[in-house]
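[1] I'll drop the sequence and a predicted model, then ask my questions.
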Amino acid sequence: MIYFVTSNKGKYAEAQAIFGDLIQRDIGYAEIQADTLEEVAACGMKEVAARLQEPVMLEDAGLFVEALQGFPGVYSAYVQKTIGNAGILRLMQGIERRNAFFKSVVAYAEPGMQPVMFTGEVHGQIGFEARGKKGFGYDPIFYRGNVSLAEMDLVEKNKISHRAASMRALKKWLDSR
Ligand code: ITT
């Protein structure tokens, strides 16, 4: 049984659809200020692995907007909490280049084992308006074609998402041992 350390129910639901058996542990960990999601995840894993005696995974994700030089990137959680989706749409006013991607870095470790990490990305566009009620976070403003991630149900989102890609890679690695 794997413990998924996250405070985010949406993330947990998406991961559970891939792993089946999974236990959410909302125990928190320090998210360091760093330039990459990989550093944030690796540092979080060090802290979590020292506290838990079970197989454990955590995931750090971010939205990278091309015209904003990758912002909010590693600051995605803070930006979502502060200016939110409306703030991103405002920053993008008058900008035609709307390309953006989500990246997910999942870290996994068992007691006494060096952590492993897997990444996934989904590329799309920042829309001109927020649409949809499903998903969470930036989903309503992130589009694939004419459809926002918040208009997709979990099964559809899991066919294409950054998180589904990183977690499927981890699952494949676990299954192949
Ligand atoms: P943790 O407890 O797992 O850290 P979190 O919500 O803080 O939960 P992250 O730091 O990984 O997760 O996420 C950074 C921000 O990006 C946060 O505001 C999320 O809502 C948002 N985000 C992450 N994955 C997303 C997705 O699939 N769709 C939309 N927004 C997403």
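    On my side now, so go ahead.
[2] could you list every residue that touches the closest residue to residue 99 other than its chain neighbours?
    In this structure, residue 99 finds its nearest non-sequential neighbour in residue 66, 4.3 Å apart by C-beta to C-beta, 6 or more residues apart in numbering. Just so you know, the C-beta spots here come from the backbone N, C-alpha and C atoms, and that holds for glycine as well. Listed by C-beta atoms under 8 Å, 6 or more residues apart in numbering, the contact set of residue 66 reads 97, 99, 100.
[3] among these, which ones are buried?
    Neighbour counting by 16 or more other C-beta atoms under 10 Å classes residue 100 among the contacts of residue 66 as buried.
[4] so can I have JSON lines of the contacts of residue 66 showing pLDDT, secondary structure and distance to the ligand?
    JSON lines is the format used below for those (pLDDT from 0 to 100; DSSP: H, G, I helix; E, B strand; the rest coil; distance: C-beta to the nearest ligand atom, whole Å):
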{"residue": "97", "pLDDT": "98", "secondary structure": "coil", "distance to the ligand": "20"}
{"residue": "99", "pLDDT": "98", "secondary structure": "strand", "distance to the ligand": "16"}
{"residue": "100", "pLDDT": "99", "secondary structure": "strand", "distance to the ligand": "11"}
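[5] Look up the closest residue to the one residue sitting closest to the centre of the chain, ignoring the ones flanking it.
    Geometric centre of the chain, nearest residue: residue 61, 3.1 Å, by C-alpha atoms, centre = their mean. Spatial nearest neighbour of residue 61, chain neighbours left out: residue 104 (4.5 Å); criterion: C-beta to C-beta, 6+ apart.
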